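Asker: Starting from these lines, generate the structure:
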Amino acid sequence: MNFQSIILEYGVYLLICLVYLIIVIMALVTKVFPPKSINSIYGYRTGITMKNQDNWDYGQQIAPGTMIQVFTYGFMVALVTCFFLNYLKLYTLIGPLMLIILIMTSIGLIIKLENQMSAFEKSKKSNK
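Answerer: Just a heads-up that it's a prediction; the model follows:
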C-alpha cells in the first residue's frame, strides 16, 4: 500500500486526528507562552475572559490544561469508536461519527470552561 492509497482510504480519519493534534499543540503553546494582556488574537477569548484582567488571567490559566484534557479524552473516544466500527465493518459510519465526536468534544470544552469562568466571577463578587 503506497502513500497515496493510504491518504485516499484513510483521509477523513487522518484529517480528524490531525485536528485533535493541532488543538492539543495550540493548547500546549498557550500553556507555555500564555498571553499577558487582553487581546483579540491569542489566548482563550470569550466575553467573560475579556471583561477584565483578572478574568483574562484566570481564563489563560485554566483553558490550556482543560483543552488538553478534554481533547485527549475526545481523541481516545474517537479512536475506540473508529476501531469498534471498523471491527463491525460499518466503514461508512466512521468518518461521520468521528466528526460528531469532535464537535461534541468542542461543545463540552466550551461548556466546561464557561462554567469555570462563571464560578470564578461569582466567587469574585461574593468576596467583595
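
Asker: Check which element follows the worst-scoring helix or strand of the chain on mean pLDDT along the chain.
Answerer: The weakest-scoring helix or strand in the chain, judged by mean pLDDT, DSSP states H and E, is helix 3-32 (a mean of 81). Downstream of helix 3-32, the next assigned helix or strand under DSSP states H and E is helix 53-87.

Asker: got the buried residues for stretch 70-88?
Answerer: Of all the residues in stretch 70-88, those buried under the rule 16 or more other Cβ atoms under 10 Å are 70, 71, 74, 75, 77, 78, 81, 82, 85. C-beta here means a position set from N, CA and C on the backbone, and glycine is covered the same way.

Asker: Can you tell me which of those is nearest residue 52?
Answerer: Relative to residue 52, the closest of those is residue 70; by Cβ to Cβ it sits at 25.3 Å.

Asker: tell me which element the closest residue to the closest one other than its chain neighbours falls in.
Answerer: In this structure, residue 70 finds its nearest non-sequential neighbour in residue 109, 4.5 Å apart by Cβ to Cβ, 6 or more residues apart in numbering. In the assignment (DSSP H and E), residue 109 maps to helix 91-127.
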